[in-house]
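> would you be able to build a 3D model of this:
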Amino acid sequence: MNTTSSLLQQQLDYLKLPFLKAHNAPLAQQAAQQSWTHLDYLERLIDGQYQQRRQHLVELRIGTARFPVLKTLEQFHWDWPRKINRLQVQNLFRLEFLAQQANVIFLGTVGLGKTHLAIALGYAACSEGHSVLFANAIDVINQLTAAQKKSALKSELKKYLRPQLLILDEVGYLPIDQHGADLLFQVISQRYERGSIVLTTNKPFKQWASIFNNDSTITSAVLDRLLHHAETVVIEGTSYRMKDQTKADSEALQTSGPGS
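Sure thing, here's the model as predicted:
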């Protein structure tokens, strides 16, 4: 029995089945105590190995996604934005837009949770087996510009075209020159109907020309491809990051009294 057990452990090592290696004996003892069938025993072993490997792959996808921090939908403060369509957002987490290769745009001023929701959506996608990449829009342009100077633009572009979901954060927070606009357009146009984009922006679409160096032609081309298959979530309110300061200012006014 010792020889057989040792051989089994070696074989499970070779097959890279760590859960089966660690749990085959304890589960065999439990099976004997609870009168499991052979099939019951096998099902529990295989399910444990499956869950362990699935979790490992999820962790790999999360690492590859390069999220700046991890956020989930459960952590979102629904009571802070003055206006947000909660049902619309929750429906997005069914991830049907990925199968449709459609886009999602979170639109609102700073501090309202746009990036939080974008990361949470990416995290949910990783958990369901989808490849994801998170990137700041300006960082994308800088990386592509550097690659172009090294005659490596095509290979660098693939990094942003390969994932099933690309999260473009903070589009519109800084102006983009003509060259940067052309590069960002390449990413958006080449992903059109091939892969989904989740994008966060603080600018209404009618102001997007100011983002793209006031070039109406490229602005129209970007919006045409981005919005053709897209759902826009509008978030209104004041910055969540300023809530403590706002509360302190309000309390100060109340305690200072008239004429102070």
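> from residue 21, how far out is residue 173?
50 Å (Cβ to Cβ, to the nearest Å). Bear in mind the C-beta positions are built from the backbone N, C-alpha and C, glycine included.
> let me fix that, I meant to ask about residue 201.
Relative to residue 21, and taking Cβ to Cβ, residue 201 is found at 50 Å.
> so which of these two has more stuff around it?
residue 201 (22 against 17; other Cβ atoms under 10 Å).
> wait, what's in contact with that one?
If you count contacts by Cβ atoms under 8 Å, 6 or more residues apart in numbering, residue 201 has them with 105-107, 114, 170-172.
> phi, psi for it please.
phi -150, psi 150 (degrees, to the nearest 10).
> beta-bridge partners for it, please?
Beta bridges link residue 201 to residue 107, residue 171 when assigned by DSSP bridges.
> same check on residue 136?
Bridge pairing for residue 136 - DSSP bridges - gives residue 169.
> report how many residues lie close to it.
Count around residue 136 with other Cβ under 10 Å applied: 19.
> from residue 148, how far out is residue 202?
27 Å.
> sorry, slip of the keys, the one I care about is residue 207.
28 Å.
> swap in residue 104?
Taken as Cβ to Cβ, the span from residue 104 to residue 148 is 28 Å.
> looking at the two, which one has more neighbours?
residue 104 (22 against 15).
> enumerate every residue touching the nearest residue in space to that one that is not next to it in sequence.
With sequence-adjacent residues excluded and distances taken as Cβ to Cβ, 6 or more residues apart in numbering, residue 104 is closest to residue 198, at 4.6 Å. Listed by Cβ under 8 Å, 6+ apart, the contact set of residue 198 reads 103-106, 118, 121-122, 165-168.
> residue 198 belongs to a strand?
Yes - counting by DSSP: H, G, I helix; E, B strand; the rest coil, residue 198 falls inside a strand.
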